[in-house]
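*Asks:* Below are the sequence and a predicted model for it; my questions follow.
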Amino acid sequence: MFPLRIYATIFCVCTFGGGICLGADKPAKLQFVRFLVTVNDTWADPPGCIATIATPVVPVNKSENIMVGSCDHGPIEYTFLSPGMNNNKYTVSLTFHSSVIEDASPPTCDLSWNGTYLVPKSPVKENPDLLPSCFVQDSREGYHMTSYWFHLLDWDFE
C-alpha cells in the first residue's frame, strides 16, 4: 500500500453573498505595543536633557502617559494599519503629546514592518536598525529643536 500523506490545503466555500475560506491568512489583530522612546532636548541650558525609556504596554486605541526621564512627558497613542504603508505588512502610526512642544503639532511618525524582528545580516558590517523605527524633530516657539526617536520594542498579535 501507499503511505497516506495529508497536506494542508485552503478550502473555500463560495456562496451568493461571498466566500468563506478556511485556512487562509486572516488579517492579524494587534493587541498592544511597547515603544522605546528617546528625547534629545539639548537646546536648553547646558547640559540639556537626553533620555531613553521603554514604555509600558500600550493597548490598541488607548493612550498611555509616559515620562521620558526628566526631559519630557505626555500621552502616547497609535493607530494600526494592515496592510501597512510602503509595501509593508503592518504600520503603527504614533503620536506623542509632548509637554515640550507647546505651539506646534505633537510629534508623529509611522513605523512600518513585516511583523517579525529583523536579524543582523553581517557580524562585521554596520546593520540598519533591527527594530522598526522613526525619527522626528519638532520645535518650541519655532526655533528650539527637540529630537524624538521611536522604536517598536515589542508587540503582540491575537
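*Replies:* It's in.
*Asks:* Check the offset of stretch 41-61 from the chain's centre.
*Replies:* Chain-centre distance of stretch 41-61: 16 Å, with C-alpha atoms, centre = their mean, to the nearest Å.
*Asks:* avg pLDDT for that stretch?
*Replies:* Per-residue pLDDT over stretch 41-61 has a mean of 86.
*Asks:* Could you list the residues in contact with it?
*Replies:* 30-40, 64, 66-72, 76-80, 100, 144-146, 149, 153 (C-beta atoms under 8 Å, 6 or more residues apart in numbering). Yep, even glycine has a C-beta here, placed from its N, CA and C like the rest.
*Asks:* Sheet partners, orientation included, of the longest strand seen in the chain?
*Replies:* Taking DSSP state E as the criterion, the chain has its longest strand at strand 144-157. Sheet pairing for strand 144-157, assigned by DSSP bridges, gives strand 30-40 (antiparallel), strand 133-140 (antiparallel).
*Asks:* coming back round to it: mark which of the contacts of stretch 41-61 are buried, thanks.
*Replies:* The neighbour-count criterion (16 or more other C-beta atoms under 10 Å) marks 30, 33-40, 64, 66, 68, 71-72, 76-78, 80, 100, 146, 149 among these as buried.
*Asks:* Perfect, I'm done here.
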